[in-house]
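[1] Mind folding the following:
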Amino acid sequence: MTDYPITPVHFRKVFLTDSFWLPRLETNRTVTIPSIFRKCEEYGRIDNFRRAAGRVPGPYVGQMPFEDTDVYKAIEGASYSLAQKPDPQLEAYLDSLIQTIAAAQEPDGYLYTNRTIDPGHVHPFAGSSRWSNLVMSHELYNCGHLYDAASAHFLATGSRALLEVALRSARLVRGVFGPEGRHDMCGHQIVEMGLARLYRITQDRSLLETARFLLEQRGRHESRPLYWYADDPGYCQDHLPVREQREAVGHAVRAAYMYCGMADVAALLPDEAYASAIKAIWREVMQSKIYLTGGIGARHKGEAFGSAYELPNLGAYAETCAAIGSVMWNHRLFLLTGESKYIDALEQTLYNGLLSGVSLRGDEFFYVNPLESDGEYQFNHGSAGRRPWFDVSCCPTGLCRFIPSLPGMVYASADSTLYVNLFMASHADVEVDGVRIGVVQETEYPWDGTVRVTLHPERAIHMRISIRIPGWSRGEIMGGGLYRFEDPSQGRPSLLLNGTPVEVPPGEGYATVEREWDEGDQLVLSLPMPVGRIVAHERVVEDRGKVALQRGPIVYCVEGRDADVPLSRVVPAKGELRVAREPDLLGGIVTVGGRGFKAIPYHAWANRGPGPMRVWLRGSP
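    Coordinates of the predicted model:
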C-alpha cells in the first residue's frame, strides 16, 4: 500500500536499556499509569462506562462531556508499556476494562457515555442529539482517542477486543459523515489520525477517505451556526480550507493534531497539497512561534498560538499536550521527507518542553510550561507548581500514552537505508532488504556525546546507515533562525567506522556510510558538548539582552534556590561556566555552574517545590 516513504522501526522491535529513558519508562509503568487509572476511578471516568453499560446506577460524572478520553489514553499508554515489559496484572486489568467499554457501546457503534447514560440529561456542550454540537461535544475527539488506544492495544498484545469496538464506531462515523451524509467538523482534531491508524490495520480505504473528508470540511465557517468561537474561526483552524493554510493559528493542540492527520493523509492517499501546507506551516512556526524549549502555543487565552515573535516567558502557555502533538507532527514530517531538521525539532521538544510536563516521581504534572516563574503566579491551572490532576486532565493522560511509545521513534528504514535518529541506549531487531539485523546502541546521551552503534546482521548485507548529526552540534537550533548560538563553533562531530575515521560532511544533517556490513561492525559518533550561550531573534521582545544556556539537546534554567542573588541579576558570564555530573541531584543530572548560580535542566525544574525560575538570563557585557 501507499504509505510514508520512510518506515519507523516498530515499537515492539526496540527495547531501551539506557540510564536516562529506561527509568522514565519504568516510572511511567509503575507510577504514572497506575496513578492515572486510580484518578479515572476516583473521578468517575471508569464508572461512566459502567453506568453506560447498565452495571451501576447514577448520572454521568464529570466536568466535561469528553472525559472518556482519559480512559482511552491510559489504555493506550498501558498497551505500549506491555510491549516493552510484560505485566500480567496490568494486562488482566485492561482486559476487564475493555469488556466494560464494549458493554457500554450502543448497538450501532455509538460510544459516548455522557449521552448513553441518560440521553435526556446530557452536558450542555453535548448538544440535544448525536453530533449536533460537534464544536463542543467532542464526540469525534472521543472517537479518535478510542481508535488510537485500540490500535496500540492490538499492535502491542494481538487482542482484537478493543479493536472491534473501535471498528464498530468507525463504521458508524463513516456512515454518518461523507458526501451523502453530514458535512461538519469536530471542534478538536484527532479522529483523522485515529482513522488513519485503523486504515493501516484493516486496509479499509473508506476509513482513510473519511479522515480526508473531515479535514476538508474546515474553512467553511460561514455556513455554520454561530459557535462560541464565532469571532475567531481560526481557534479551531476553521478559518481557511486546510490545503490553503500556511500559518499556525488558534488552539495549539488542535492545530498540531490536525497537522498530524494531514501528514497521514498526505502519505497514505497520497496528497501533495496537504504535504505542502504542513511544511509551510512548520517553517512559519520554527521562524517565529516556538519556544527554545520546543513549546508551542504562547497564549493562555484560547491555549493558542500568538502572533509572530509573541513569546512571553512568565506568561507562556506552552501546553504539554501541544508539545506531544508537535513531536508527533515532526516525526511524521521526517517520515515524509527524510530531512533531519524535523528530528532536530522533535528532540529539542522531547528533552525540554515535553519532558518538563511530568515530575521525576511520575505522579505530578504541568499543564502549562512557562520559561519563567516568580514562584507565586498560579500559572498551572490554580497552582504555582506541579499538580497530580486537573479538571481537564488531557496532559497527564497524554504523557502516560506518549512516553512508552518513544521506542518507535529511535530508528527508521527506507531504500536500503537504516536511519539512527535518536540517541538512546537500546537493542533493536530491524529488517533492511529482507535481512534481519540486530542493532545495539550504547550511549550516556544526553549527558555525554559518544554514541556506539554495533550491527549484528544474520548475513552480510550491502546497505547504508544514516546517523543523525544533530543541529545543535552544527551550531543550529531547530533550523529556523529564531534562536542562535552566540558562538556557533561548538567543535566538530567525528565518526569512526571500526576505529577508522569517516568524513562527516559539514552542515549535513546525516552522516551516511554505505558498504557491506557484517557481524560486529561498529560506528562511533562523537558529539562535542560545550555549554552554548543562546540568543533569540531581536523581535522577541522579552528576550532582548538576555541569553539562555544549552548543552547538547538540554536547555537549562536557574531556580531561585540555586542562586545567591535574585534571578534578575544572574549573569552567565562567558568563560566562567563549568559542567558537573551530580548523580544525587534530581535523579542524576549534569549541572552548569557560574558565579553565584547553578543551572539545572529545564525539564527537572519544580521537582523541589514551587519557586522562582528563569530560562532567559541577563546577557554578560
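
[2] Does Glu209 belong to a helix, a strand or coil?
    Assigned by DSSP: H, G, I helix; E, B strand; the rest coil, the conformation of Glu209 is helix.

[3] Contact partners for His331?
    Pro8, Tyr342, Ile343, Leu346, Met409 (CB atoms under 8 Å, 6 or more residues apart in numbering). Where C-beta positions appear, they are placed from N, C-alpha and C, glycine not excepted.

[4] and it, how far is that from Met424?
    Look at His331 and Met424: by CB to CB, to the nearest Å, they are 15 Å apart.

[5] ok, now Ser159?
    Taking CB to CB, one finds Ser159 at 28 Å from Met424.

[6] The two: which is more packed in?
    Counted by other CB atoms under 10 Å, Ser159 and Met424 do not tie: Met424 has more neighbours, with 22 against 16.

[7] Please list all residues in contact with that one.
    Applying CB under 8 Å, 6+ apart, one finds that Met424 lies in contact with Leu16, Asp18, Phe20, Trp21, Leu406, Pro407, Val410, Gln441, Thr443, Tyr445.

[8] per-residue pLDDT, it?
    pLDDT recorded at Met424 is 98.

[9] So which elements touch the helix or strand harbouring Val285?
    Using DSSP states H and E, Val285 sits within helix 272-288. With contacts defined as 3 or more CB pairs under 8 Å, 6 or more residues apart in numbering; DSSP states H and E, helix 272-288 has these neighbours: helix 252-268, helix 320-337, helix 340-348.

[10] and it, how far from the chain's centre?
    Centroid separation for helix 272-288 versus its chain: 18 Å, with CA atoms, centre = their mean, to the nearest Å.

[11] If I take that helix and helix 320-337, what angle do their directions form?
    With axes from the mean of the first three to the mean of the last three CA atoms, to 10 degrees defining the directions, helix 272-288 sits at 130 degrees from helix 320-337.

[12] Identify the residue spatially nearest to Leu208, adjacent ones excluded.
    Tyr199 (4.4 Å; CB to CB, 6 or more residues apart in numbering).

[13] which residues touch the closest residue in space to Gly481 that isn't next to it in sequence?
    Closest residue to Gly481 apart from its sequence neighbours, by CB to CB, 6+ apart: Gln287 at 6.1 Å. Contacts here follow CB under 8 Å, 6+ apart; on that basis Gln287 touches Ala308, Gly480, Gly481, Leu482.

[14] at 10 Å what do you get?
    Counting by CB atoms under 10 Å, 6 or more residues apart in numbering, Gln287 touches Ala308, Tyr309, Met478, Gly479, Gly480, Gly481, Leu482, His537.

[15] Do you know the pLDDT at the nearest residue to Trp517 once chain neighbours are set aside?
    Using CB to CB, 6+ apart and skipping the chain neighbours, the partner closest in space to Trp517 is Leu455 (5.3 Å). pLDDT for Leu455: 98.

[16] Pairing partners for Leu455 in the sheet, please.
    Val439 (DSSP bridges).

[17] Could you check how far it is from Leu22?
    The spacing between Leu455 and Leu22, counted by CB to CB, is 22 Å.

[18] got a pLDDT number for the residue most central in space within the chain?
    Nearest to the geometric centre of the chain sits Ile324, at 2.1 Å (CA atoms, centre = their mean). Looking at Ile324, its pLDDT reads 98.

[19] Does it touch Leu354 like I think?
    Yes. Using CB atoms under 10 Å, Ile324 is in contact with Leu354, at 6.1 Å.

[20] Let me see the contact set for the closest residue to Val541 other than its chain neighbours.
    Spatial nearest neighbour of Val541, excluding adjacent residues (CB to CB, 6+ apart): Tyr309 at 7.5 Å. The contact partners of Tyr309, by CB under 10 Å, 6+ apart, come to 287-289, 298, 482, 536-543.
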